[in-house]
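A.B. asks: coordinates only, sequence not included:
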């Protein structure tokens with residue numbers, strides 16, 4: 001009898017432990033799910049890419065919490081989300097994303113958030129997007145007529161996106177001060193106007209016949225359109241880094257570069273420059289490879305940790321690279 005009673009007490013004690021464990025797990029799950037809003041009464045804005053994240057923070061300031069999903073130095077074409085990040089999208093007051101197919105692995109999560117009732121804003125789709133040129137014009141043949149997602153290389157389009165983004169924040173994010181949002185958007189818009197003027201002045205030192213671009217992949221179409229550059233081609237003949245070049249693609253590009261007298265290739269700093277180095281080998285070592293911050297901001301203090309610093313660094317690198325290439329010709 002004494003042994004039976006002891007076993008009964010053990011079973012009861014074990015059941016209580018299991019119940020306590022289940023309760024603790026449930027509490028931990030709730031805490032993890034609400035981690036992005038715990039301890040704050042502010043509304044939340046979730047942004048997919050770090051370039052748009054920086055722009056959003058310039059507009060919003062302290063009026064709302066801004067969560068950026070893409071890490072510094074990441075590739076927007078290939079980065080993915082954790083389960084916690086996917087849940088953050090569906091709890092946001094507003095989701096800001098690039099669109100036009102840029103965030104290939106994230107768009108289904110954005111769609112899910114929209115279907116659950118979250119307001120979303122596709123910045124790239126709202127600023128009169130360009131389409132890729134044909135292969136004869138240096139663009140990707142298999143993407144002819146498709147929208148180019150890399151609108152941020154044109155600061156004028158970014159300025160338009162800022163105005164529209166401010167409208168979205170005011171409309172969909174409860175509790176923000178409308179006058180503060182407008183004032184911050186106007187101030188940042190003036191900074192973008194100054195950036196455009198500075199870029200024009202910087203590019204003026206490049207002769208008209210020297211404004212030819214060869215890049216790692218097709219990312220600077222908007223900049224070329226705005227500042228009168230010619231896109232000769234790209235090492236990866238696509239608008240995404242997920243594609244790969246064939247040997248015939250590289251041969252065609254080297255022929256185009258020889259014909260145009262181009263000696264400079266601009267490679268994304270977040271991507272290996274191996275393919276650009278292949279061109280250097282193909283062209284007898286007479287090619288300089290210049291790194292740009294084209295699709296991602298860097299970590300703080302690494303040279304391109306804001307959109308404005310990224311654009312200024314790229315402009316300087318492009319102007320120096322192209323003028324030096326001409327002087328060496």
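C.D. replies: Received, thanks. Treat the numbers as computed from the prediction; the structure is a model and nothing was measured.

A.B. asks: list the contacts for residue 105?
C.D. replies: Neighbouring residues of residue 105 by C-beta atoms under 8 Å, 6 or more residues apart in numbering: 78-81. Bear in mind the C-beta positions are built from the backbone N, C-alpha and C, glycine included.

A.B. asks: any idea of the pLDDT on residue 142?
C.D. replies: In this model, residue 142 is scored at 53, pLDDT.

A.B. asks: returning to that earlier point: show me which of the contacts of residue 105 are buried.
C.D. replies: For the contacts of residue 105, a burial check counting by 16 or more other C-beta atoms under 10 Å picks out 79, 81.

A.B. asks: among the contacts of residue 105, name the ones in helices.
C.D. replies: Secondary structure assignment (DSSP state H) places none of the contacts of residue 105 within helices.

A.B. asks: and which of the contacts of residue 105 is nearest residue 253?
C.D. replies: Using C-beta to C-beta, residue 78 comes nearest to residue 253 of those, at 22.8 Å.

A.B. asks: so that closest one touches residue 104, yeah?
C.D. replies: Yes: using C-beta atoms under 8 Å, residue 78 is in contact with residue 104, at 7.1 Å.

A.B. asks: residue 204: neighbour count?
C.D. replies: Residue 204: 10 surrounding residues under other C-beta atoms under 10 Å.

A.B. asks: now residue 302
C.D. replies: Neighbours of residue 302 using other C-beta under 10 Å come to 13.

A.B. asks: can you tell me the closest non-neighbouring residue to it?
C.D. replies: Using C-beta to C-beta, 6 or more residues apart in numbering and skipping the chain neighbours, the partner closest in space to residue 302 is residue 72 (7.6 Å).

A.B. asks: again, but for residue 172
C.D. replies: Using C-beta to C-beta, 6+ apart, the nearest residue to residue 172 is residue 119, at 3.9 Å.

A.B. asks: which stretches in the stretch 101-250 of the chain count as strands?
C.D. replies: Secondary structure of the stretch 101-250 of the chain by DSSP state E, counting those that start in this stretch: the strands cover 119-122, 212-217, 230-236.

A.B. asks: so which of those strands is nearest residue 319?
C.D. replies: Using C-beta to C-beta, the nearest of those to residue 319 is strand 212-217, at 12.1 Å.

A.B. asks: between strand 230-236 and the closest one, find me the angle.
C.D. replies: Strand 212-217 and strand 230-236 meet at an angle of 20 degrees, taking axes from the mean of the first three to the mean of the last three C-alpha atoms, to 10 degrees as the criterion.

A.B. asks: show me what strand 212-217 is packed up against.
C.D. replies: strand 230-236, helix 247-260, strand 264-268, helix 274-282 (3 or more C-beta pairs under 8 Å, 6 or more residues apart in numbering; DSSP states H and E).

A.B. asks: for burial, what's the neighbour tally of the nearest residue to residue 306 once chain neighbours are set aside?
C.D. replies: Spatial nearest neighbour of residue 306, chain neighbours left out: residue 54 (5.2 Å); criterion: C-beta to C-beta, 6+ apart. Residue 54 is flanked by 19 other residues according to other C-beta under 10 Å.

A.B. asks: thinking again about what came up before, the residue nearest to residue 172 and residue 82, how far apart?
C.D. replies: Using C-beta to C-beta, to the nearest Å, one gets 23 Å for the distance from residue 119 to residue 82.

A.B. asks: of those two, who's got more company?
C.D. replies: residue 119 (17 against 9).

A.B. asks: quick one: that one and residue 113, what's the gap?
C.D. replies: Taken as C-beta to C-beta, the span from residue 119 to residue 113 is 9 Å.

A.B. asks: pull up the overlap in contacts between these two.
C.D. replies: residue 95.

A.B. asks: circling back to that earlier point, would you list the strands of the stretch 101-250 of the chain in JSON lines and tack on distance to residue 129?
C.D. replies: Shown next, in JSON lines, are those (distance: least, C-beta to C-beta, whole Å):
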{"stretch": "strand 119-122", "distance to residue 129": "10"}
{"stretch": "strand 212-217", "distance to residue 129": "17"}
{"stretch": "strand 230-236", "distance to residue 129": "16"}
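
A.B. asks: which stretches of the stretch 201-329 of the chain have low pLDDT?
C.D. replies: In the predicted model of the stretch 201-329 of the chain, residues 237-246, 270-277, 325-329 satisfy pLDDT under 70.

A.B. asks: hmm, back to that, including pLDDT, could the contacts of residue 105 go into a markdown table?
C.D. replies: Shown next, in a markdown table, are the contacts of residue 105 (pLDDT from 0 to 100):
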| residue | pLDDT |
| --- | --- |
| 78 | 89 |
| 79 | 91 |
| 80 | 91 |
| 81 | 94 |
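
A.B. asks: that concludes my questions; thank you for your assistance.
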